[in-house]
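Asker: How does the following fold in three dimensions:
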Amino acid sequence: MNQKMKDKFSYDEIKSMIIVLAGNFLEYFDLMLFTHLSFVITPIFLPKTDPIVTKFLTILAFSSTFIIKPFGAYFWGMIGDKYGRVTVLTYTTLIMAGTCLVIPNIPTYAQWGFYATFLMMLCRTLQGFSSTGESKCAEIYIAETLPLTSKVFLASVLIPITCDLGGFFASLMGSLCLSFLPQDGWKVAFYIGAVIAVCATFARLYLTEPEEFTTSQKTFDTEETLLQRYFEKRNFMALLGMNVICPTAFYFAFSVCSDMMSDRLRMSPSSILFSNGFVMFAEIIFLYICARFTIKHHPFKILKIRTWTSFVLMPLSFLWMITNTSHLSIFVAQVIAIISTASFDPAAPLVIKSFHVSNRFSQYSKAAGITKALMYLSTGYLTHYFSEIFGVWAVLGLLMFFSGFFLISLNLFVPIDEMRKTLINLVEMNKEKTKKKLAQKFDGIPDVLEQNI
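Answerer: Next up, the predicted model:
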């Protein structure tokens, strides 16, 4: 009975979750509008005279959202750790609303030349700057608001689910607008996105800071906080590696596969958007199933099983797609790539809690921002270069390589519930070396850790 009570959400928890998740949905609805409509929008703002320049700028337009991520991570991490999570959630949504108003009002390349290209990429950069702070802040807010029981894993997985729902409805909205207004329907979609972003901004003004954050300055060093600080560098480096896989899968599923459906199958833009929407819906179902499994299984175990399974399923799906190119084979390859590389959900709360609250936002967002910026910037060019030589198999090679890198990083990461055990194991393997590292880290071995060594 007590366990059931622990797994139930209180009224205040539900209220906070609804506001955060609704805002997250609206933020990603706006962000993904451009992604799903890029094959319609980018030709309007890019030159058509030189195919090489056009290809370069198209990839840059796709990547521009993510180039700014390291800077956004540093900025929002500093703001979030100093002034609070609610401040970040509010201002990031406001920035997104502004960009959605500007994009449909930018003159075309034919009217303004490269000024139009510059303005379009500036708006995409601001969207990337905004989303870097918003998504990570939402995850941290949920993790700090709820206790570390099975319900926090279910709640935290709702963050990527609402991101996918935002992308799903952005895809459907884009498809619907293009169906009714083939020329300017994309502009209507952006105006709708701006309105809902403003609504999300006002809703988040009613949030309160998590108690864990507000009381962090008054808390003395405990075994848990000391262990967090001891494993901080190792966990940060591992977290960098855990973030490498998503960009490649995302680029393959929504850029490479969209081009294949357009060029080889001659599918209409609205049909491609509709199909991509159901890819995201498949990921939503998969994430929810993973979250339910955390009731009986450790989240890190789920991630390891998922990754090992992907080493079998991804090559099979690519083989089918290449030998029998059809809408179904492409769709299956998209789904398998996306669900096999769904970052570290549902283990996000464990990852977040493994960093000390005083610099949690900075560490967590910097790892994601730095890695994803490099990956999103390089993925398009790497895929284009190797595909010229090896075809679509090059994408599979990149996916398999980064999946292996993710698995190694996952094994190196020390979650909060394993830190004490890991320290004891380190002491048993090399007591003197571990004692020396502890003494250097804390200017002497703290009494609260003395019993472990």
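
Asker: which residues touch residue 196?
Answerer: 26, 29-30 (CB atoms under 8 Å, 6 or more residues apart in numbering). C-beta here means a position set from N, CA and C on the backbone, and glycine is covered the same way.

Asker: How about residue 103?
Answerer: Neighbours of residue 103 in contact, by CB under 8 Å, 6+ apart: 34, 41, 120, 123, 190.

Asker: Report the buried residues of the helix or strand harbouring the fourth one.
Answerer: Spelled out, it's residue 123. Using DSSP states H and E, residue 123 sits within helix 114-145. Residues of helix 114-145 classed as buried: 116-117, 119-121, 123-145 (neighbour count, 16 or more other CB atoms under 10 Å).

Asker: orientation of the next helix or strand after it relative to helix 114-145 in degrees?
Answerer: Scanning forward in sequence from helix 114-145 by DSSP H and E, the next helix or strand is helix 150-180. Here helix 150-180 runs at an angle of 150 degrees relative to helix 114-145 (axes from the mean of the first three to the mean of the last three CA atoms, to 10 degrees).

Asker: Next secondary structure element downstream of helix 150-180?
Answerer: helix 185-204.

Asker: in the stretch 1-150 of the chain, which spans are helices?
Answerer: Using DSSP state H, counting those that start in this stretch, the helices assigned to the stretch 1-150 of the chain run over residues 2-6, 11-36, 38-45, 51-67, 69-83, 85-102, 109-112, 114-145, 150-180.

Asker: JSON lines for these, including mean pLDDT and distance to residue 299?
Answerer: Putting these into JSON lines (pLDDT from 0 to 100; distance: least, CB to CB, whole Å) gives the following:
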{"stretch": "helix 2-6", "mean pLDDT": "47", "distance to residue 299": "17"}
{"stretch": "helix 11-36", "mean pLDDT": "82", "distance to residue 299": "19"}
{"stretch": "helix 38-45", "mean pLDDT": "75", "distance to residue 299": "33"}
{"stretch": "helix 51-67", "mean pLDDT": "65", "distance to residue 299": "26"}
{"stretch": "helix 69-83", "mean pLDDT": "89", "distance to residue 299": "23"}
{"stretch": "helix 85-102", "mean pLDDT": "90", "distance to residue 299": "22"}
{"stretch": "helix 109-112", "mean pLDDT": "83", "distance to residue 299": "47"}
{"stretch": "helix 114-145", "mean pLDDT": "86", "distance to residue 299": "12"}
{"stretch": "helix 150-180", "mean pLDDT": "81", "distance to residue 299": "6"}
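
Asker: And those: which comes nearest residue 209?
Answerer: helix 85-102 (5.8 Å; CB to CB).

Asker: same for the closest one, what does it pack against?
Answerer: helix 11-36, helix 69-83, helix 114-145, helix 185-204 (3 or more CB pairs under 8 Å, 6 or more residues apart in numbering; DSSP states H and E).

Asker: Which strands and helices lie in contact with the shortest one?
Answerer: This means helix 69-83. Helix 69-83 packs on helix 85-102, helix 114-145, helix 360-390, going by 3+ CB pairs under 8 Å, 6+ apart.

Asker: now the last one: how far from the chain's centre is it?
Answerer: To tie it back to what came earlier, the one meant is helix 360-390. 12 Å (CA atoms, centre = their mean, to the nearest Å).

Asker: counting contacts, what elements does the helix or strand that it is followed by pack onto?
Answerer: Per DSSP H and E, the first helix or strand lying C-terminal to helix 360-390 is helix 393-412. Where contact means 3+ CB pairs under 8 Å, 6+ apart, helix 393-412 is packed against helix 232-242, helix 245-251, helix 299-323, helix 327-340, helix 360-390.

Asker: The same query, at a cut-off of 6 Å, please.
Answerer: helix 232-242, helix 245-251, helix 299-323, helix 360-390 (3 or more CB pairs under 6 Å, 6 or more residues apart in numbering; DSSP states H and E).
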